[in-house]
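Asks: Curious how this folds, go ahead:
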Amino acid sequence: MKKRLISTAIAALMSMPASAFAARLGVSIVDFDNNFQTLLMHGMQARAKEKGADIQIEDAHNDVAKQLDQVKNFIASGVAGIIVTLVDTNASKTISEEAARAGIPLVFVNLEPSDMKSLPDKQAYVGSNEVESGTLQAFEVCKLLRARGKSSEATAYIVMGSLVHQAALQRTKDVEQVFSTDMCNFIKVTDKQSSEWSRDNAQNLMTNWLTAGATPDAVIANNDESAIGAILALKAGGVDMKNVVVGGIDATQDGLQAMKAGELSVTVFQNAKGQGGGGVDAALALAKGEKVDRVVYVPFELVTPANEAEYLNKN
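Replies: Sure thing, here's the model as predicted:
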C-alpha cells in the first residue's frame, strides 16, 4: 500500500506543469516612485511570467541599508537568484559578498556595480554602456546649437542624477568630454548640480538658476524626468522653448510627449524592457548552472523629433 501511495505521488509530481517547479527570484528595486525603475520592474515581471518563474519585488526606497536587508532576507528565504538595481554604486561590493557567501546567483541591473569587471562567479551585470548615452545626447545638443547659429558661444547647464550613481557621473563626464572637442567647445557649462533624478528637484534647481539671472542656450539632463522638471521651470519663467535646446536620457513616455510638444529636443532610448528582461534571463540561467557573460550590454539609441514616434510604445 505504501509503495502504491509513493508511486502515485511521484506520478502526480511528474504530471505537474513546469511552472509548479518555477525558480523564485528576489528583486530589490531602487525606488518604485522612480519612473525608469518602474519600467525596469515591469520588464522583469513580464519576462518572469513568460518564463514561468516566481518573482518577489521589494522597494528599497532609496535606502542603502534597507536594500542590504532585503538582499539578506532573500538569501535567508532561499531564493534561486537575486536581482538588484543599486541604490548606491559603492554598496555593490557588500551585496556581492553576501550573495557569494550564500552561493546564490546575483545580477545587477541598470546601475553598474563598482567592481563590475571583477564580479565573482555566478554574478553578472545587465544594463547599457553609459559612455554611449551622454555622448549621443551631447553631440546632438551640439549639432542643434550650431544649426541655430550658436557656434561662437553658448551657455549650458547640466542637471545631474544622483551623485552616488555611476550612471550620473559617467553621463556628465560624457557631456563634458564632447563639449571639449573642437566641434563643440563653443558650449560653456555655467553650472552643474544634482536633481537626484527627480522632476521636482530639477524644477527647483532650474528656477534657482533663472532667478540668479541665467538664460541658458541649452540644458542637458541626465534623465528625462529631470529634463521635464527643467522645462517646467523654463516655461514658468517665461522662456521661449524655441530658444533653448533641452536634452534628456531614457526616452520615457513622458519624455516623448514633451518632445512631441516641441519642448524636449533630444533624448536617448534606454531599453527598460530589454534590461529588466535580460536581468531575469541571466538570473534564471545562473540558477540552472549555465554560463552567462559577466557583462551584458543593451545598446542605447538616439531619439529626436524625426524618429520619436518609433519609440512611443517601446517601454
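Asks: so where's this structure shaky on pLDDT?
Replies: The chain contains residues with pLDDT under 70 at 1-22.
Asks: how far away is the residue most central in space within it from W197?
Replies: By CA atoms, centre = their mean, the chain has its centre lying nearest to N110, at 4.6 Å. Separation of N110 from W197 (CB to CB, to the nearest Å) stands at 12 Å. From N, CA and C alone the C-beta is placed, and that goes for glycine too.
Asks: show me what contacts the residue nearest to the centre of the chain?
Replies: 36-37, 40, 85, 126-128, 167, 275 (CB atoms under 8 Å, 6 or more residues apart in numbering).
Asks: and with 6 Å instead?
Replies: With contact taken as CB atoms under 6 Å, 6 or more residues apart in numbering, N110 is in contact with 40, 85, 127, 275.
Asks: what's the answer for I231, then?
Replies: Residues 246, 263 are the ones in contact with I231 under the rule CB under 6 Å, 6+ apart.
Asks: Within the helices and strands, which one has it?
Replies: Per DSSP states H and E, I231 falls inside helix 224-236.
Asks: Going by neighbour count, which residues of that helix are buried?
Replies: Applying a neighbour-count criterion of 16 or more other CB atoms under 10 Å, the buried positions in helix 224-236 are 224-234.
Asks: Please apply the same query to stretch 147-166.
Replies: Here stretch 147-166 shows 150, 154-162, 164-166 as buried, counting by 16+ other CB under 10 Å.
Asks: can you tell me which two in these are farthest apart?
Replies: Put simply, by CB to CB the two of these set farthest apart are K150 and V164, 33.6 Å from each other.
Asks: Quickly name whichever of the contacts of N110 is closest to E97.
Replies: For those, the nearest to E97 is T85 (18.3 Å; CB to CB).
Asks: if I pick that closest one, what's in contact with it?
Replies: By CB under 6 Å, 6+ apart, the neighbours of T85 are 29-30, 109-111.
Asks: what do you get for V107?
Replies: 83, 124, 279, 282-283.
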